[in-house]
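Participant: Fold the following for me, if possible:
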Amino acid sequence: MKNIILIISICFSLSIVAQKNNYWSTSFNTEASLLAGAVVGGNSDLTSIYYNPAGISEIKDMKLSLNANLFNYSIVDYKNALGPDVNIKDYYFLVKPRFVSYLYRSKRDTNLSWQFAIYNKLLDDITIYNTVKYNDNILYKNIEESYNGNFDMNSYLYDYRGGIGTSYMFNDRFSAGISLIGMIKGIDYLKAIDVSVYPQDISPNDTNYYFANWNYYEKIYMYDVRILARIGFRYKFNQIQIGLVTTLPSFKLWGNSDSKRRMSQSNVKNDSISYPNYTKIESSIYLESQMKDPFSVAFGIVYSSNDKKSKFYFSTEYFAGIDEYKMIDGTKSAEDENFVGSDFLTHYYATIPVINFGIGYQHLFSKTIEGLMGFKTDFDATKIIEKELVDKEIPISLNQNHLNLYHLTSGVKMNVKKGSFIIGIEYIFGYVKNLPQYANFKDVNYNGSKELLGLQGQINDDMNIAYNSFGLYLGFSFGF
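Facilitator: Numbering: from 1, shown residues only. Okay, here's the model as predicted:
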């Protein structure tokens, strides 16, 4: 059993998308999105509660804003994901609301403003599946056999947020603000691998008939309620405006997970050699769980041209790494102190420090029409910890995609009295090579301890992923 768990650790806890560590994947408010989110230094408008709470007091009118990513269509190509030349292509189509905000300016002190907002920072629904069938000599060299490999994975991630922010303008140049954001994060995850081998020319009623099988199944439902604080400052001088924001690590309020995992093997042979049958099953509810958020510091600058028709934006943010921790602790229950579990259901997680940057450009064509465009990086922060944890002989789950994404945006803003209408597009692309395969249904071998993988080839670093996404933005804001 010790070897079985070791094999699970190395090869079959690879692909859970437990947390999305492309921190800049989502932008908030259509105008800020079309400027690639490079608004830490200025013009964050109703998204100030997120980008820089110091900007809340810069909004002159009470406003109600509704912004939506009208649709987002993504195409992801997984090359060699299930073995040499065994590819998967996945399509995502999401329609998702984005940002609803209300701003209130104090009547007693016009330098003090408050903002309330509800938005979703993340909504991903990933489905990957494929079936591989062929005839070969797998278990016996002199018998033609039918090989069937099935891979299914679905990962639904969500991160809904809401909060309150306040800002005070000390003078025409300097303002400061703070926001408190509550969040509900979670994942609904399923992964199943089933491999079978049986003879082509032997009837199931024949005494010489055999059926070999290897099976893996994992199901996780997890939620985590957390809160974080963001502190920001803005300063203006001449044609330049700068901003600084510190985001504290999120703090867990409550949350847990339900998890089950099963792995089994039967009737696997290599001519005269028989390998052990085994079954490992474990299921628990209310496991102690959490999905941490890192400490970060952001800096931004906005430069306005002499004629005030053009603005140039730049923002950058440093995200600290998160030390290795148990995202799901299979040994502890969140509701039962007497619970005694095992590490079979434990999932470890960690991130590395990353720095993202974005640039934006805004041009006033007339009193009512503005053009916006931007570019930003979106580097993956997932820490590769598989090899570090092998000696612990316990299973781990990580986001294996490690995609660095790049965003290009463009759009038009039309101003009408105290309101505005914005429409724009976004293109996101990314490519990564030499990732561990999700499974290998080709090149079946039984070298050393790999025999316990059952009816599969060695997991190689041969998977390449290409990501392309297209989005349409639509936004309205009303001042009164």
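
Participant: Contacts for stretch 108-119, please.
Facilitator: 28, 46, 48-50, 53, 56-57, 59, 98-106, 160-170, 179 (CB atoms under 8 Å, 6 or more residues apart in numbering). For every residue, glycine as well, the C-beta is placed using N, CA and C.

Participant: Could you check how many residues crowd around residue 406?
Facilitator: 15 (other CB atoms under 10 Å).

Participant: and if you look at residue 271?
Facilitator: There are 11 residues near residue 271, going by other CB under 10 Å.

Participant: Then the one 3 residues further on?
Facilitator: The number of residues packed near residue 274 is 11, by other CB under 10 Å.

Participant: Can you list phi and psi of the closest residue to it other than its chain neighbours for me?
Facilitator: Distances taken as CB to CB, 6 or more residues apart in numbering place residue 268 nearest to residue 274, at 7.6 Å, with adjacent residues excluded. The phi and psi values for residue 268, taken as degrees, to the nearest 10, are phi -90, psi 130.

Participant: if I look at residue 268, how far off is residue 49?
Facilitator: 57 Å (CB to CB, to the nearest Å).

Participant: So if I had to pick from the two, which one is more boxed in?
Facilitator: residue 49 (34 against 24).

Participant: which residue sits closest to that one, ignoring its sequence neighbours?
Facilitator: residue 165 is the one closest to residue 49 (CB to CB, 6+ apart), at 3.8 Å.

Participant: looking at this, the one you found is in a strand?
Facilitator: Yes - counting by DSSP: H, G, I helix; E, B strand; the rest coil, residue 165 is found in a strand.

Participant: neighbours around it, how many?
Facilitator: 26.

Participant: And the strands in the stretch 1-150 of the chain?
Facilitator: 63-79, 88-105, 112-136, 145-169 (DSSP state E, counting those that start in this stretch).

Participant: any idea how far residue 183 lies from residue 354?
Facilitator: Where residue 354 is concerned, residue 183 sits at a distance of 20 Å (CB to CB).

Participant: Over to residue 365?
Facilitator: Relative to residue 354, and taking CB to CB, residue 365 is found at 36 Å.

Participant: Mind checking which of those two has more residues around it?
Facilitator: Between residue 365 and residue 354, residue 354 has the larger neighbour count (other CB under 10 Å), namely 23 against 10.

Participant: From what I see, that one and residue 379 are in contact.
Facilitator: Yes - between residue 354 and residue 379 a contact is recorded at 4.6 Å, counting by CB atoms under 8 Å.

Participant: In the stretch 251-400 of the chain, where is pLDDT below threshold?
Facilitator: Applying pLDDT under 70 to the stretch 251-400 of the chain flags residues 385-400.

Participant: swap the cut-off to 80 and go again
Facilitator: 271-272, 384-400 (pLDDT under 80).

Participant: Tell me what residue 76 is bridged to.
Facilitator: Using DSSP bridges, the bridge partners assigned to residue 76 are residue 90, residue 467.

Participant: quick one on the thing from earlier: any idea how far the residue nearest to residue 49 is from residue 117?
Facilitator: Where residue 117 is concerned, residue 165 sits at a distance of 8 Å (CB to CB).

Participant: ditto for residue 370
Facilitator: In terms of CB to CB, residue 370 sits 23 Å off from residue 117.

Participant: Of those two, which one has the most company?
Facilitator: Neighbour totals were compared for residue 370 and residue 117, and residue 117 leads with 24 against 21 (other CB under 10 Å).

Participant: distance of the more buried one from residue 41?
Facilitator: On the measure of CB to CB, residue 117 and residue 41 end up 20 Å apart.

Participant: Then residue 321?
Facilitator: 26 Å.

Participant: now residue 149
Facilitator: For residue 149 relative to residue 41 (CB to CB), the value is 53 Å.

Participant: Now tabulate the strands of the stretch 1-150 of the chain in CSV and tack on distance to residue 292 and mean pLDDT.
Facilitator: Shown next, in CSV, are those (distance: least, CB to CB, whole Å; pLDDT from 0 to 100):
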stretch, distance to residue 292, mean pLDDT
strand 63-79, 26, 76
strand 88-105, 24, 79
strand 112-136, 15, 89
strand 145-169, 13, 93
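
Participant: Relative to residue 403, which of the ones you listed is closest?
Facilitator: Nearest to residue 403 among these is strand 63-79 (9.0 Å), distances taken as CB to CB.

Participant: give me the number of residues near residue 364?
Facilitator: 17.

Participant: Quick check: bridge partners of it?
Facilitator: residue 370.

Participant: That one reaches residue 309, doesn't it?
Facilitator: Yes - between residue 364 and residue 309 a contact is recorded at 4.6 Å, counting by CB under 8 Å.

Participant: shared neighbours, residue 165 and residue 117?
Facilitator: residue 49.

Participant: which residues touch residue 160?
Facilitator: 118, 119, 120, 121, 183, 184, 185.

Participant: if I look at it, how far off is residue 249?
Facilitator: 19 Å.

Participant: Derive a PyMOL selection command for the buried subset of the contacts of stretch 108-119.
Facilitator: The buried residues among the contacts of stretch 108-119 can be selected in PyMOL (16 or more other CB atoms under 10 Å) with this line:
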select buried, resi 28+46+48+49+50+53+56+57+59+98+99+100+101+103+105+161+163+165+166+167+168+169+179
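
Participant: Compute the first-to-last residue distance for stretch 130-142.
Facilitator: 29 Å (CA to CA, to the nearest Å).

Participant: what does it rub up against?
Facilitator: 81-83, 86, 88, 143-151, 197, 200, 210, 212, 268-271, 441-442, 444, 455.

Participant: The same query, at a cut-off of 6 Å, please.
Facilitator: Under the contact criterion CB atoms under 6 Å, 6 or more residues apart in numbering, stretch 130-142 has outside partners 82, 86, 88, 144-151, 197, 212, 269, 271, 441, 444.

Participant: in that stretch, what counts as buried?
Facilitator: 130, 132, 138, 139.

Participant: can you check stretch 329-347 too?
Facilitator: In stretch 329-347, counting by 16+ other CB under 10 Å, buried: 329, 330, 331, 332, 333, 334, 341, 343, 344, 345, 346, 347.

Participant: Of those residues, which belong to helices?
Facilitator: If you go by DSSP state H, these have nothing in helices.

Participant: and of the residues you listed, the nearest to residue 277?
Facilitator: Using CB to CB, the buried residues of stretch 329-347 come closest to residue 277 at residue 344, 18.4 Å.

Participant: For the closest one, list the residues it contacts.
Facilitator: So residue 344 contacts 282, 330 (CB under 6 Å, 6+ apart).

Participant: How much space separates it from residue 209?
Facilitator: Counting by CB to CB, the gap from residue 344 to residue 209 is 33 Å.

Participant: What segments of the chain are helices?
Facilitator: Going by DSSP H, the chain shows helices at 2-11, 30-34, 48-51, 386-389.
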